[in-house]
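*Asks:* What follows is a predicted structure for the sequence shown.
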Number of protein chains: 2
Amino acid sequence: MLALGRDARTGAEALRAATADQRTSAIRGMATSLRARAHLVFEANVADLAAATRHQDRLMLDPERIEAVAAGLDSVAALPDPVGAEIARWQRPNGLDIARVRTPIGVIGMIYEARPNVTADAAAICVRSGNAVILRPGSDCLASSRAIHAALAEGLEKAGLPASAVQIVPTGDRAAVGALLSGLGGTLDLLIPRGGRSLVERIESEARVPVLGHLEGVCHTYVHAAADPAMAAAIVRNAKLRRVSVCGSTETLLIDRGALSMLPAIAQALDGCELRGDAEAAAIVPMLPAHDEDWSAEYLAPILSIRTVSNWQEAASHIARYGTGHTEAIITDDAATAEAFLAAVDSAIVLWNASTQFADGGEFGFGAEIGIATGKLHARGPVGPEQLTSFKYVVRGNGQVRP
Amino acid sequence: MLALGRDARTGAEALRAATADQRTSAIRGMATSLRARAHLVFEANVADLAAATRHQDRLMLDPERIEAVAAGLDSVAALPDPVGAEIARWQRPNGLDIARVRTPIGVIGMIYEARPNVTADAAAICVRSGNAVILRPGSDCLASSRAIHAALAEGLEKAGLPASAVQIVPTGDRAAVGALLSGLGGTLDLLIPRGGRSLVERIESEARVPVLGHLEGVCHTYVHAAADPAMAAAIVRNAKLRRVSVCGSTETLLIDRGALSMLPAIAQALDGCELRGDAEAAAIVPMLPAHDEDWSAEYLAPILSIRTVSNWQEAASHIARYGTGHTEAIITDDAATAEAFLAAVDSAIVLWNASTQFADGGEFGFGAEIGIATGKLHARGPVGPEQLTSFKYVVRGNGQVRP
């Protein structure tokens, strides 16, 4: 593992010194190699799926999804290269010219579970931002991830960049995670965990290096009394059911007491979804009772918990207590209530009259994302190439000394 | 200590919910109280100084310096309030309106040594950015810091804000640092250590919460062969001697072999400064020999180490090996060499033809700073109120669902 870190440091230096065009060629080459090796990736994924006991939807890669991963690489290759970009530039009265310029972070460790596509997404976004990456997939998607990684390494080398810039931990055992947590002898600059709460919380509490946490999404949609009923039903349906396995799917519907009359239509729109509600909701639409653990559950399944609240403040309190700081929405035609809710709720993404499933870097216009960061430091919300850069100040003078 | 954390969380909520005007009033009130209590602060500082065995220059507060601290509070009060400010706002083709809005981080722990003025600077910058802060001064400046803190608490309460928003650890013992490192039961969002290498490295390796490290500044000035000799002498003099106890003071002069002819004039400009050089430098100007430990030393004293290098690449390699990622300068009239150096050196601040003593938030136009961050995550370089904010995405729609 320490050798992985040293090699990654060399890879990071090469990526930092490379031109934007070289980084683009490497990512395009990754896509080309992935398409050429799609059958190998598919075979590996069949093996992973055969061994899997859960999360099959996240794990599965059919030819269509492999093509989507390759297309994702192409779209990252087409993104503007952030390295060296000026974020700001200003002059001081003494004539000093100060520029704030994006720089790579260095070596990033990516720890994830069950989503083999993260292998390609994370690598491409790291290369685009000039960072080396050490990938640590969960054992459940190890075969698929290694098959994808072989294509990524080929793409790098064809572009004249060292394969050490994108490495994969060769085994699925837990000792590798411990080594990453310790920082690989000072070579790791940042760890990005993406997965369930136990994984992310373990990494946040044990890591000796900075962590950009991607916690699970216990997302909420709050239907206010002044909501448009048809809009409320359409948004709740989409927020819950469009794709139940994404982190931006709504897990809890908070319904205002004044909006309970909309609940039958909302329940009808949620056809096929199991509902678990409090007594007030269940009195209107027959459903299973919700228990305390439901309020903290990331179901990632066609299940929705429903809680009745008195007003937006109570909705915000529920979110502060049970949410994971990911994404929350309010549905209302009352602008003042909407703005109060948007200001008070301290989550990475807060929406008014839109589906929580818009929590996605592509939907935000970032082109691609490595995930949705739920901490408040460095990056928050969708993490794309720009969010994986640091910056430095470049100051140009003509002999200034400080009085 | 756990009670401190809980109280700080309450203070943070109050600060976040306060208006910008309330935060401004609190900081102005802090300045007023500090001026009214200046004699008490002075008496406490006399006691601290009497017990001190080192760093007296950093520790000392005379009436003039106390007034400067109060004036610093006034200047932070006059800064724009960052909370709620829109950093960016854009429309998506589907009509979604996305705004990136600054938010407070929450509760910040500030651990520092020997500089009682940090008590006021850190508190003001945290309040300006809507964050509660728990201050942990070193035992060497504890009495002065407590005297200053009493004024800060008074200012908060007069503005109708809870004193729990700015707290000070009541004792100088080391157990308090351990409690802060553990995160005070989940109430701390960020730790900012500011001090010597051993303090910062201990905190970075042991903390269970995110750390914004302010490492010592082993700063370099590189005099290139194409430097203007008079400018080189003036800048090196200022970079070393203007104030030797600041983190942006130059500790090592890297002199190009082709610039050795300028060394006598530079040495003359450094009158009163002890020089420690390699053999080539000592052959031109008599000086003490430099040893290996000199290249890593933050002297904070009128001592300068001098190393001869062959070219800018060798200067950059020396900086990468021995520097702390703080601030480095190149002096040259050759623009191509300057730009190559500015691009290659990965420090928070890189300067061309200017003194490293410009490493300061005020000089950058930030109005105030809590220090110079030397890590690459979240903030880098001078840390002012904007750098102590997070952000969230506020998305306004009119019924959008994701296809």
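*Replies:* Noted; the coordinates are in hand.

*Asks:* Can you tell me what sits against the least confident helix or strand in chain A by mean pLDDT?
*Replies:* Least confident helix or strand of chain A, by mean pLDDT, DSSP states H and E, is helix A:197-206 with a mean of 82. Outside helix A:197-206, the residues within contact range by CB atoms under 8 Å, 6 or more residues apart in numbering or on different chains are A:111, A:113, A:177, A:181, A:191, A:193-194, A:211, A:213-216, A:298, A:324, A:375, B:208. For the C-beta atoms, the positions are set from N, CA and C on the backbone; glycine is no exception.

*Asks:* In helices only, show me the residues you listed.
*Replies:* A:177, A:181 (DSSP state H).

*Asks:* Quickly name whichever of the contacts of helix A:197-206 is closest to residue A:291.
*Replies:* residue A:298 (15.3 Å; CB to CB).

*Asks:* which residue packs closest to that closest one, ignoring adjacent ones?
*Replies:* residue A:216 (4.2 Å; CB to CB, 6 or more residues apart in numbering or on different chains).

*Asks:* For the one you found, give me its contacts.
*Replies:* Per CB under 8 Å, 6+ apart, neighbours of residue A:216: A:195-197, A:200, A:247, A:298, A:324, A:326.

*Asks:* In the stretch 101-250 of chain A, which residue sits closest to chain B?
*Replies:* residue A:238 (3.6 Å; CB to the nearest CB).

*Asks:* Just to check, that residue is in contact with residue A:357?
*Replies:* Yes - taking contacts as CB atoms under 8 Å, residue A:238 lies within contact range of residue A:357: 6.1 Å.

*Asks:* Give the residues shared as contacts by these two.
*Replies:* Joint contacts of residue A:238 and residue A:357 (CB under 8 Å, 6+ apart) are B:401-402.

*Asks:* Scan chain A for its longest strand.
*Replies:* strand A:389-400 (DSSP state E).

*Asks:* Paired strands for it, with orientation please.
*Replies:* strand A:97-104 (antiparallel), strand B:349-354 (parallel) (DSSP bridges).

*Asks:* which other residues reach the shortest one?
*Replies:* Residues lying outside strand B:349-354 but in contact with it, judged by CB under 8 Å, 6+ apart, are A:96, A:392-401, B:231, B:235, B:248, B:326-332, B:338, B:341-342, B:356, B:358-359, B:372, B:381.

*Asks:* give me that answer again for 7 Å
*Replies:* Strand B:349-354 has contacts (CB atoms under 7 Å, 6 or more residues apart in numbering or on different chains) with A:96, A:392-400, B:231, B:235, B:327-331, B:338, B:342, B:358-359, B:381.

*Asks:* which of those count as buried?
*Replies:* A:96, A:392-397, A:400, B:231, B:235, B:327-331, B:338, B:342, B:358-359, B:381 (16 or more other CB atoms under 10 Å in any protein chain shown).

*Asks:* Span of stretch A:83-92 from start to end?
*Replies:* 25 Å (CA to CA, to the nearest Å).

*Asks:* I meant to write stretch A:48-64 there.
*Replies:* The first-to-last residue distance of stretch A:48-64 comes to 17 Å (CA to CA).

*Asks:* Now do that stretch: distance to the chain's middle.
*Replies:* 20 Å (CA atoms, centre = their mean, to the nearest Å).

*Asks:* what do you get for stretch A:226-246?
*Replies:* Using CA atoms, centre = their mean, the offset of stretch A:226-246 from its chain centre is 21 Å.

*Asks:* One more: stretch A:272-289?
*Replies:* For stretch A:272-289, the distance to the chain centre is 31 Å (CA atoms, centre = their mean).

*Asks:* Give me the more crowded residue out of residue A:238 and residue A:357.
*Replies:* Taking other CB atoms under 10 Å in any protein chain shown, residue A:238 and residue A:357 do not tie; residue A:357 has more neighbours (28 against 23).
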